[in-house]
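[1] 3D, please:
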Amino acid sequence: MILIEGAAGAPSIPGLITDPADPMLRVTACTGAPGCPQALIATRSLARRLAPGLGTHLHVSGCAKGCAHPGPAPLTLVGRADGTVDLIRNGTAADLPSRTGLAPASLTALPALLTETDHAP
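    I've put the predicted structure just below:
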C-alpha cells in the first residue's frame with residue numbers, strides 16, 4: 001500500500017488500485033505459482049478474473065498453508081496438485097472444503113459456483 005499525500009492525480013500504473021470501490025479490494029491472494037515453491041496454482045491471475053463477480057471477500061491460496069490470509073474468510077479457494085481448486089466456505093485454507101476439484105475456468109465462466117449453497121462435498 002502506498003499513500004501519496006497531496007498528489008493531484010493517481011499515476012497510470014497497471015494494477016495500481018486508486019478506486020476505493022475496486023473489486024480487487026475484496027480479494028486476498030498469495031504469491032502463487034511459479035513464485036512460491038509450495039503453490040500448486042497461479043493464484044493472482046485467478047483472483048483478478050474472479051474479483052469483478054464477488055460480493056464478499058475471497059482468499060485464493062496456492063496451497064493449504066494459507067499464508068496470505070491465515071484467518072477464516074467467507075470464501076477460500078485452495079490449489080490442488082492437479083491444477084483444480086477446493087472451495088472452503090467460512091474457513092481457512094486448511095479447513096475441509098465444501099466443494100473439491102473445481103476447474104478454475106469453471107469459476108470464471110460460472111461465478112454462481114462461488115455463491116450457491118452446497119448440498120454435499
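[2] so residue 108, which of the three states?
    Put simply, residue 108 is helix when judged by DSSP: H, G, I helix; E, B strand; the rest coil.
[3] distance of it relative to residue 115?
    Distance, residue 108 to residue 115, by Cβ to Cβ, to the nearest Å: 14 Å. (Glycine included, C-beta is placed from N, CA and C.)
[4] between those two, who's got more neighbours?
    The residue with more neighbours, out of residue 108 and residue 115, is residue 108; 16 against 11, by other Cβ atoms under 10 Å.
[5] any idea which element the residue lying closest to that one once chain neighbours are set aside lies in?
    Nearest residue to residue 108, sequence neighbours excluded (Cβ to Cβ, 6 or more residues apart in numbering): residue 49, at 4.6 Å. Taking DSSP states H and E as the definition, residue 49 sits inside helix 43-50.
[6] and that helix, which residues are buried?
    Judged by neighbour count (16 or more other Cβ atoms under 10 Å), helix 43-50 contains these buried residues: 43, 44, 46, 47, 48, 50.
[7] now swap in stretch 101-121 and tell me
    102, 104, 107, 108, 111, 114.
[8] give me the residues contacting it.
    Outside stretch 101-121, the residues within contact range by Cβ atoms under 8 Å, 6 or more residues apart in numbering are 41, 46, 49-50, 53-55, 58, 75, 77, 80, 82-87, 89, 96-100.
[9] which ones among those residues lie within helices?
    In helices, judged by DSSP state H, the following of the contacts of stretch 101-121 are found: 46, 49, 50.
[10] and which of these is nearest to residue 22?
    Checking those against residue 22 by Cβ to Cβ gives residue 50 as the nearest, at 13.6 Å.
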